[in-house]
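>>> sharing a model that was predicted from the sequence below.
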Amino acid sequence: MKQIIHRIGLLWTMDDETRSNGPRCGADAMRAVGAMKDVAIAIDEEGVIVDVGAEKAICDLADAQTQFIDAEGGFVAPGLVDPHTHLVHGGSREKELPLRLAGASYLDILREGGGILNTIRETTAYSEDVLFAQAKTSLERMQRFGVTTVEAKTGYSSSLAVELKQLRVAKRLAESSGVNLVHTAMPAHAVPKELPAGREAYIEELVSMLPHLQAAGAEFADVFVEEGVFSVDEGRHILEAAKALGMKTKIHADEMVPIGGAQLAAELGATSADHLLASTDEGLLRMAEAGVMAVCLPGTSFYLQKPAARARFMLDEAKLGVAIASDYNPGSCPSENFGLTMSLALLTLKMRPEEVFMAATRNAACAIARGHVAGVIRPGRNADIVIYTAANPEYVLTHFGISHVREVFVKGRRIL
Ligand SMILES: N=CN[C@@H](CCC(=O)O)C(=O)O
Ligand SMILES: [Zn+2]
C-alpha cells in the first residue's frame, strides 16, 4: 500500500450502496452523504483508492514503504469539482462596478459594448503566455480551496484563432497543474455591436468553429441564451450543430430573463443548464423530467446583487440534481474562492451542508460528465481527496471566506 490516510475525524464519501455513477436528485438523496467515522483510506501506487474501512483493518494493510497521512481528526471529503468557470481570459473588469452601483445593469454595460466585449478585446490582444500566467494564478487560488477538477470555457473571442488560443492555454494548464480540466467551447458568448455580414452569417460562423474546437479538445458546447444576447432559436441551432458533431451541451439559461433557456436545455437533453436565477417552475420541472443537471452559481447572484436561484424549489419540488459552481469570470463573479461559493450556497440558496457538499462534489462531477471518475470516495476511484483543518463540514461552511483546507490530493498525489 502506497499511502494510508488515517486519524480521520469524519468522512463523507458521497457514495451510496448502489455504487452508481449518476447524480443524487432531490433533497433526500442529496443529504445522503455516506458519513463514516473511525475509518481510514488506503491508496495504491497508481493513486487509486483500494479500500475505505475500519481504521485498524486498513492500517494493518501497511508495509514498510507505506506513507501514513495524518488527518489529525479533520473532516475528509472528495476533491471539489467546479463545473462552470471562465478560467482563461485577459485582464479584469473592476472598473464596471461603479457603473453598476450607479444603476447600470450587467446587460446595459454589455449593450454599450463593455462587459464581455471588453474582455474579448483584452483576450484577443494578449499573448498565449500572458493568458497562461493569469489563468495559472487563478487555478492555484482554486486549488487552495480544495478544487481538484475544473471546467473551463472559451468564449472571449473575436475569431476561431482566439477561441483556439484559449483552449490551448486551458490544455497547457491541465498538463502542468495536476488539476483535472474539462474543456467547453463557448464561441456563442456575446454578440459584437457591428455585424458587417449580418446576424445569420455571424451565427453560422460560430457554428463553423465547433468542429475545430472539438478537434482541439472541447468536449462540451455552451451558449449564453439570454434576452439581448442569443435567442432560444439561435441557441437551439448552435447546440443542435454541436450535438450532431457528438459534443455534449450546456446552456447559460435564465440568468436575467426567463426566455426559455431551461426548456431548451430539457428539449436538447443538455448535460446541464446553469444560472437559472429567473427560471419558471415549468422550466425547472421540464429539466428534471429530462434529467438535466441544474447548476446554481451563488457567487454570481451575490456579485450581481440579484435574488439567488430557487434551489429549494429545485430540491424539494422539482427533485432536480443540483450542482454548484463558482462561475469564476471577470464580470459577474471575479472570485476563485470555491469555499465562498459553498458558503453562499448555504446562506443564499438555503441549502443544507450535506446538500452543499453533494452539489460541489458528486453532482458537480455529473454536471460535466465526470460522474464515473470524480466526486466520490470509493474503492476503484482516483484518490481525489481533501483533508480539512476543521473537524466538521458545518464549521467549514459557516466560518466563511477563508480556506479550511489542510491537504489536497489528485490521483493520490499531494497538490497542496
Ligand atoms: N453570463 C454570461 N457569462 C458569464 C459572465 C462573463 C463575463 O461577464 O465576463 C457568466 O456566466 O456569468
Ligand atoms: Zn458562465
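Sure, I can see it. This one's a predicted model, so the numbers in the text were calculated from it and none came from an experiment. Ligands and ions are numbered 1, 2, ... in the order given.
>>> what pLDDT does the residue of the chain found nearest ligand 1 get?
As assessed by CB to the nearest ligand atom, ligand 1 sits closest to residue 331 within the chain, at 2.3 Å. C-beta: built from backbone N, CA, C; applies to glycine. Note on residue 331: pLDDT of 97.
>>> around ligand 1, pick out the residues from this structure.
Proximity of the chain to ligand 1, by CB under 6 Å from any ligand atom, involves residues 86, 115-116, 119, 224, 252, 255, 300, 327, 329-332.
>>> out of these, list just those in helices.
Residues of those located in helices (DSSP state H): 116, 119, 300.
>>> need the residues of the chain next to ligand 1 in CSV with neighbour count, can you?
Below are the residues of the chain next to ligand 1 laid out as CSV (neighbours: other CB atoms under 10 Å):
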residue, neighbour count
86, 27
115, 22
116, 24
119, 24
224, 21
252, 27
255, 28
300, 28
327, 29
329, 25
330, 22
331, 24
332, 23
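>>> strands along the stretch 251-400 of the chain, start to end?
Assigned by DSSP state E, counting those that start in this stretch, the strands in the stretch 251-400 of the chain fall at 272-275, 293-296, 322-324, 385-388.
>>> what pairs with the first one, and is each one parallel or antiparallel?
Put plainly, it is strand 272-275. strand 248-253 (parallel), strand 293-296 (parallel) (DSSP bridges).
>>> give me whichever of those strands is most buried.
Most buried of the strands paired with strand 272-275, by mean neighbour count (mean count of other CB atoms under 10 Å): strand 293-296, with a mean of 30.
>>> who's in contact with that strand?
23, 83-84, 271-276, 284, 287, 308-309, 311, 314, 318, 320-325, 345, 349, 359, 363-364, 366-367 (CB atoms under 8 Å, 6 or more residues apart in numbering).
>>> follow-up on the earlier one: of all the strands of the stretch 251-400 of the chain, which lies closest to residue 145?
strand 385-388 (8.9 Å; CB to CB).
>>> tell me which strands and helices the closest one is in contact with?
On a contact count with 3 or more CB pairs under 8 Å, 6 or more residues apart in numbering; DSSP states H and E, strand 385-388 meets strand 75-78, strand 405-410.
>>> that one: partners in the sheet, and parallel or antiparallel?
strand 75-78 (antiparallel), strand 405-410 (antiparallel).
>>> most tightly packed of those strands?
strand 75-78 (a mean of 26).
>>> after that one comes which helix or strand?
strand 80-82 (DSSP states H and E).
>>> can I have the very next helix or strand once past that following strand written out in PDB, keeping just the CAs?
Downstream of strand 80-82, the first helix or strand assigned by DSSP H and E is helix 96-101. Taking Å, rounded to 0.1, in the frame of the first residue of the first chain, the C-alpha atoms of helix 96-101 are listed here in PDB:
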ATOM      1  CA  GLU A  96     -17.500  48.200 -14.200                       C
ATOM      2  CA  LEU A  97     -18.500  48.100 -10.600                       C
ATOM      3  CA  PRO A  98     -19.000  51.800 -10.100                       C
ATOM      4  CA  LEU A  99     -21.200  51.800 -13.200                       C
ATOM      5  CA  ARG A 100     -23.300  49.100 -11.800                       C
ATOM      6  CA  LEU A 101     -23.500  50.700  -8.400                       C
END
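>>> list the buried residues of helix 96-101.
96, 99-100 (16 or more other CB atoms under 10 Å).
>>> can you redo those as a markdown table with pLDDT?
Output for these, formatted as a markdown table (pLDDT from 0 to 100):
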| residue | pLDDT |
| --- | --- |
| 96 | 95 |
| 99 | 96 |
| 100 | 95 |
